[in-house]
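Engineer: Sequence first, predicted coordinates after that:
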Amino acid sequence: MTEPREPENSTQRLPTVEQAPGGVLEMDQSASGSTYEPAAPPEEPGGRAGRFWSGRRVPAALLALVVLGGAGLLLYDVAAVRAGHPAMQWRRTVADDLARRQLDDVWLLAGPALAAALGLWLLLLALTPGLRALLPMSRRHAGVRAGLDRNAAALVLRDRAVEVAGVQSVRVKMSRRKATARALSHFRELDDVRADLDTVLATAVSELGLARPPRLSVRVRRPAKKG
């Protein structure tokens, strides 16, 4: 198991001065935090574990229906004109309206701009993987791919964090590149609690089996005083 690297300037102290019963001033640390990069993941014998691609079925189906309907209607009208029938009213109306408008007309500029925006959106959907909530796991066998939901990974880290002595409550936020833990500690030194959280969470992240372990950010503070 690879031990996490010690972060530089890992502790941020926000001291408050309190008067002890014996008349001696005591320093009470109110926060402790650390951020560090994970260890490099080992080579995957089953091949590279890339992100999962979304099927984009709804946008693809909507685009296919629009194109099919428009092309079918236009081809029917062209075939009718070739057969000696008059063109449909909507095509004559559109042709007459376009002939009367100037090139700098607002509607003539807004229509192509909207079409270009929709085209860029479709290109973005086609070129990006999607499924950001699904974290790829390491591939141990060729032809087998697995993923872990980000919310499930955050719950696992939270359950491990609350087992640390001194932790009253903890919130864990998981993204594709970073795991952020914010804990409240009601006893023990904050540096000790944070160090234990660093070790426990680093171990938990390595046991998740992710292809790209996220960067850890841990911060521990005292609960807010009431009254």
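Structural biologist: Looks like it came in fine. Owing to the predicted nature of the structure, the values given are computational and were not obtained by experimental measurement. Numbering: from 1, shown residues only.
Engineer: Only C-alpha atoms from now on, for both contacts and neighbour counts.
Structural biologist: OK.
Engineer: Okay, and A181 sits in which element?
Structural biologist: Following DSSP states H and E, one finds A181 within strand 178-185.
Engineer: any weak-confidence spans in this structure?
Structural biologist: Filtered on pLDDT under 70, the chain yields the residue ranges 1-29, 39-49, 227.
Engineer: do that again at 80, thanks
Structural biologist: 1-34, 36-56, 59, 98, 103, 130, 139-145, 225-227 (pLDDT under 80).
Engineer: re the thing from before, partners of the strand holding A181 in the sheet?
Structural biologist: With DSSP bridges as the test, strand 178-185 is paired with strand 167-174 (antiparallel), strand 215-221 (parallel).
Engineer: and after it, which helix or strand comes next?
Structural biologist: helix 190-208.
Engineer: and that following helix, what other elements does it pack with?
Structural biologist: On a contact count with 3 or more Cα pairs under 8 Å, 6 or more residues apart in numbering; DSSP states H and E, helix 190-208 meets strand 31-36, helix 150-161, strand 215-221.
Engineer: secondary structure class for the residue of the chain positioned farthest from its centre?
Structural biologist: Relative to the mean C-alpha coordinate of the chain, counting by Cα atoms, centre = their mean, the farthest residue is G84 (58.1 Å). At G84 the chain is in coil, as set by DSSP: H, G, I helix; E, B strand; the rest coil.
Engineer: got it, and H141?
Structural biologist: coil.
Engineer: Next, count neighbours for it.
Structural biologist: Other residues within reach of H141, judged by other Cα atoms under 10 Å, total 11.
Engineer: What distance do you get for it to G209?
Structural biologist: H141 sits 13 Å away from G209, going by Cα to Cα, to the nearest Å.
Engineer: Next: L68.
Structural biologist: 45 Å.
Engineer: Neighbour count: those two, which is higher?
Structural biologist: More crowded of L68 and G209, by other Cα under 10 Å: G209, with 18 against 12.
Engineer: my read: that one touches R140, true?
Structural biologist: No. Using Cα atoms under 8 Å, G209 makes no contact with R140, being 10.0 Å away.
Engineer: quick revisit: can you redo the helices and strands packed on helix 190-208 as TSV with distance to R177?
Structural biologist: Formatted as TSV, the helices and strands packed on helix 190-208 follow (distance: least, Cα to Cα, whole Å):
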stretch	distance to R177
strand 31-36	12
helix 150-161	11
strand 215-221	6
